[in-house]
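Colleague: build the 3D model from these lines:
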Amino acid sequence: MVKRKSDLRYRRTEAAILQAFDELLKGLDSKKITVSALAREADIDRKTFYLHYNSIEDLVVYRAKIFADKIIDEFKKAWDGKAETIAIAGLEVTCANIKENFALLSKLSSSPRPVGSMEYFVMSIVEGIRESDKLHFDGSDEELANVIRFYIYGVVGVAFAQLKNKGKIALSVADLRSIASPVGFRSTI
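Modeller: So this is what the prediction gives:
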């Protein structure tokens, strides 16, 4: 993906591309969106698209990054810094954002490489925990990433299945009480 610039025209075009992408996602799976269709919807030239992204897949991953950043920011606000509540705060924030963005996420997950966009969640959380002065994980980054993958893929998978089948997420904070303090985590405050 091409680096983001602070130029106002660049940011406006970026916003137009993202808005056009979200609009096209209402009717198509992400794998069926073409650069030509996106450029028409955003009222830009195809070459302009390529100044921002190398491919539609790069755009899919970036759109997932925007969603992940929102969850991570909200998680940081909701989490009190105690290892015992990390899973609970994460569940509340993740479920709320999945409910709010279910249609978009369903379409994003149709990407040929949805795992690539999910990995952004995992690596962002790993970095956030490593940078935290409130939480420590006893283990390597790969071990931490595996714990986070298990949690994220599990919560997201269950939430998606419940929303699709029942129209609501029935997974609750109470369901996580027994695993609220994953092995290896400890508070540093």
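
Colleague: now do the domain split for this structure, please.
Modeller: 8-54, 58-187 (automatic domain parsing).

Colleague: state the pLDDT value of the most centrally placed residue in the chain.
Modeller: For the chain, the residue nearest the mean C-alpha position is Ala68 (2.8 Å; CA atoms, centre = their mean). At Ala68, the pLDDT value in this model is 75.

Colleague: distance check, it against Ala159.
Modeller: As for Ala68, its distance to Ala159 is 15 Å (criterion: CB to CB, to the nearest Å). Bear in mind the C-beta positions are built from the backbone N, C-alpha and C, glycine included.

Colleague: equivalent analysis for Tyr53, please.
Modeller: Using CB to CB, we find Tyr53 at a distance of 28 Å from Ala159.

Colleague: quick one: secondary structure of Asn97?
Modeller: With DSSP: H, G, I helix; E, B strand; the rest coil as the basis, the three-state label of Asn97 is helix.

Colleague: which strands or helices does the helix or strand harbouring Tyr10 pack on?
Modeller: For Tyr10, the host element (DSSP states H and E) is helix 8-25. Under the contact criterion of 3 or more CB pairs under 8 Å, 6 or more residues apart in numbering; DSSP states H and E, helix 8-25 touches helix 35-42, helix 46-52, helix 56-78, helix 102-108.
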